[in-house]
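Engineer: fold the following.
(one chain, ligands or ions: 1)
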Amino acid sequence: MNSAGKLTSSSSELDLDRPNIEDYLPSGTTIQQEPHGKLCLRDLLNISPTLSEAAGAIVDDSFTRCFKSNPPEPWNWNVYLFPLWCCGVVVRNLILYPARLLVLTIGWMIVISFFIPVRFLLKGHDKLRKKIQRSLVEMMCSFFVASWTGVVKYHGPRPSIRPKQVFVANHTSMIDFIILEQMTAFAVIMQKHPGWVGFLQTTILESVGCIWFNRSEAKDREIVAKKLREHVQGADNNPLLIFPEGTCVNNQYTVMFKKGAFELGCTVCPVAIKYNKIFVDAFWNSRKQSFTMHLHQLMTSWAVVCDVWYLEPQTLKPGETPIEFAERVRDIIAHRAGLKKVPWDGYLKYSRPSPKLKEGKQQNYADSMLRRLEEK
Ligand SMILES: O=P(O)(O)OC[C@H](O)CO
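Structural biologist: Next comes the predicted model:
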């Protein structure tokens with residue numbers, strides 16, 4: 001790449017990474033709109049863009065922003081709205097929640113009472129057993145969606161079982177998987193969880209070909225890569241679903257896609273998921289709450305509203321690398337779901353930045369300084 005090209009790409013990366021300092025300034029004004037005669041924090045930040053960037057990185061950075069929950073806007077602030085809000089709290093917690101819990105329990109009882117006999121009695125009839133298990137998993141997910149009064153609009157053709165294709169979606173919560181699974185019994189690649197979720201993974205979900213791994217184990221990653229290659233070769237296997245961000249992002253941003261799904265030599269079918277935060281924020285902030293508490297939050301809200309788009313399948317273009325392919329698909333999903341792209345690896349949530357990444361950032365910064373000096 002020539003130096004002009006390099007400067008352009010680092011410039012766009014810096015743009016993606018630019019902090020929202022204006023969010024932290026008094027409302028109604030921007031850095032550019034200075035009130036006359038009064039010296040404020042804004043004036044100080046205006047002295048130099050570098051200082052403004054540094055201050056931005058201290059108060060807020062694009063990585064942290066990807067994982068920030070969005071608390072609901074308060075609307076109970078006057079004398080007639082407050083009693084209405086109180087009624088809502090009572091209805092949601094004392095009427096809707098128990099009713100939804102009952103629906104979920106009944107649903108579970110139905111699924112399990114069919115699942116166990118099917119698993120043991122249809123041992124010699126693989127095709128029929130797989131078909132029934134697929135329907136039971138879809139049914140189980142439908143009960144989950146009903147338990148939060150999920151209002152899900154699906155756009156585009158429903159996925160069908162075809163060999164050598166992989167579905168990739170942006171990731172906000174484990175409920176993404178439930179929402180997609182109620183329509184199609186995907187074989188999903190996911191982090192192994194403890195507790196009841198882990199139990200579900202290793203019993204019911206394994207029956208549809210789901211693959212679990214521990215992202216901190218390098219050995220697990222190799223095994224998963226091998227299992228993935230085997231899975232896509234099987235003509236009868238359920239369609240593969242991967243969340244290439246590898247972690248939950250707050251549905252306003254999208255972090256880098258891991259290249260694993262894009263080097264399998266398969267057709268990649270992008271799926272964009274956008275939640276409407278009108279009643280509840282569907283982002284699962286796993287550092288702050290367990291999945292059980294996340295579900296409780298959804299089940300005590302009025303409804304979970306979201307749109308799902310099955311987008312046009314994509315194939316690797318001649319001369320394109322898997323990383324470029326991943327980036328192209330990320331563009332398509334980000335555009336459809338209205339997500340802002342940031343140049344971060346989501347796994348940084350769990351590990352320190354590598355020297356390579358730090359050097360890359362330093363290089364970008366040096367390039368931007370050089371550019372500014374050249375402009376002078
Ligand atoms: O947001 P994380 O990184 O805890 O990921 C949670 C789950 O593994 C998502 O499927």
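Engineer: C-terminal to the strand of greatest length in the chain, what's the next element?
Structural biologist: Of all the segments of type strand in the chain, defined by DSSP state E, the longest one is strand 267-276. Scanning forward in sequence from strand 267-276 by DSSP states H and E, the next helix or strand is helix 291-299.
Engineer: is there contact, residue-wise, from the longest strand of the chain to the ligand?
Structural biologist: No. Where contact is defined by Cβ under 6 Å from any ligand atom, no part of strand 267-276 touches the ligand; the two come within 12.8 Å at best. Heads up, the C-betas are built off the backbone N, CA and C, glycines and all.
Engineer: now do that strand: distance to the chain's middle.
Structural biologist: Averaging C-alpha coordinates over strand 267-276 and over its chain gives two centres that are 10 Å apart (Cα atoms, centre = their mean, to the nearest Å).
Engineer: give me the mean pLDDT for it.
Structural biologist: Averaged over strand 267-276, pLDDT sits at 97.
Engineer: who touches that strand?
Structural biologist: Residues external to strand 267-276 that are found in contact with it (Cβ atoms under 8 Å, 6 or more residues apart in numbering): 159, 162, 164-170, 172, 176, 179-180, 241, 251, 261-262, 281-283, 304-315, 325, 329, 332-333, 336-339.
Engineer: what residues are up against the residue in the stretch 51-200 of the chain that the ligand sits nearest to?
Structural biologist: Ranked by Cβ to the nearest ligand atom, the top residue of the stretch 51-200 of the chain for proximity to the ligand is Gln191, at 3.3 Å. With contact set as Cβ under 8 Å, 6+ apart, Gln191 has these partners: 212-215.
Engineer: PyMOL command for the buried members of the contacts of strand 267-276?
Structural biologist: A single PyMOL command is used to select the members of the contacts of strand 267-276 judged buried by 16 or more other Cβ atoms under 10 Å:
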select buried, resi 159+165+166+167+168+169+170+172+176+179+180+241+251+261+262+281+282+283+304+305+306+307+308+309+310+311+313+314+325+329+332+333+336+337+339
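Engineer: select from the contacts of strand 267-276 every entry located in strands.
Structural biologist: Residues from these lying in strands, with DSSP E as the criterion: 165-169, 241, 304-310.
Engineer: picking that back up, how about the residue of the stretch 51-200 of the chain closest to the ligand: which residues does it bridge to?
Structural biologist: Phe213 (DSSP bridges).
Engineer: tell me how far it lies from Asp367.
Structural biologist: Computed as Cβ to Cβ, to the nearest Å, the Gln191 to Asp367 distance reads 36 Å.
Engineer: what about Tyr154, which helix or strand?
Structural biologist: Remark: Tyr154 resides in strand 150-155, with elements defined by DSSP H and E.
Engineer: that strand: partners in the sheet, and parallel or antiparallel?
Structural biologist: In the sheet containing strand 150-155, the strands it pairs with under DSSP bridges are strand 304-310 (parallel).
Engineer: how far off centre is the strand it pairs with?
Structural biologist: Between the mean C-alpha position of strand 304-310 and that of its chain there is a distance of 13 Å (Cα atoms, centre = their mean).
Engineer: with stretch 207-215 instead?
Structural biologist: Put simply, stretch 207-215 sits 18 Å off its chain's centre (Cα atoms, centre = their mean).
Engineer: likewise stretch 226-245?
Structural biologist: In terms of Cα atoms, centre = their mean, the centre of stretch 226-245 is found 19 Å from the chain centre.
Engineer: can you check stretch 357-376 too?
Structural biologist: On the basis of Cα atoms, centre = their mean, stretch 357-376 is displaced by 31 Å from the centre of the chain it belongs to.
Engineer: now that stretch: average pLDDT?
Structural biologist: In this model, stretch 357-376 carries a mean pLDDT of 79.
Engineer: tell me which residues in it are buried?
Structural biologist: Burial within stretch 357-376, assessed by neighbour count using 16+ other Cβ under 10 Å, is assigned to 361, 364, 367-368.
Engineer: and stretch 253-272, by the same measure?
Structural biologist: For stretch 253-272, the neighbour count (16+ other Cβ under 10 Å) marks 253-264, 266-272 as buried.
Engineer: mind saving the C-alpha coords of it as PDB?
Structural biologist: Listed in PDB are the C-alpha atoms of stretch 253-272, where the atom choice follows Å, rounded to 0.1, in the frame of the first residue of the first chain:
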ATOM      1  CA  TYR A 253     -22.000  -0.800  17.200                       C
ATOM      2  CA  THR A 254     -20.400  -3.700  15.400                       C
ATOM      3  CA  VAL A 255     -16.900  -5.000  16.300                       C
ATOM      4  CA  MET A 256     -14.500  -6.800  14.000                       C
ATOM      5  CA  PHE A 257     -15.700 -10.100  12.500                       C
ATOM      6  CA  LYS A 258     -13.500 -13.100  13.200                       C
ATOM      7  CA  LYS A 259     -12.400 -14.700   9.900                       C
ATOM      8  CA  GLY A 260     -13.300 -18.400  10.800                       C
ATOM      9  CA  ALA A 261     -16.700 -18.400   9.100                       C
ATOM     10  CA  PHE A 262     -15.200 -16.800   6.000                       C
ATOM     11  CA  GLU A 263     -12.400 -19.300   5.200                       C
ATOM     12  CA  LEU A 264     -14.600 -22.400   5.100                       C
ATOM     13  CA  GLY A 265     -15.100 -22.000   1.300                       C
ATOM     14  CA  CYS A 266     -18.900 -21.800   1.900                       C
ATOM     15  CA  THR A 267     -21.500 -19.300   0.700                       C
ATOM     16  CA  VAL A 268     -22.000 -16.800   3.600                       C
ATOM     17  CA  CYS A 269     -25.600 -15.800   4.300                       C
ATOM     18  CA  PRO A 270     -25.600 -12.500   6.300                       C
ATOM     19  CA  VAL A 271     -28.400 -12.000   8.900                       C
ATOM     20  CA  ALA A 272     -28.900  -8.500  10.400                       C
END
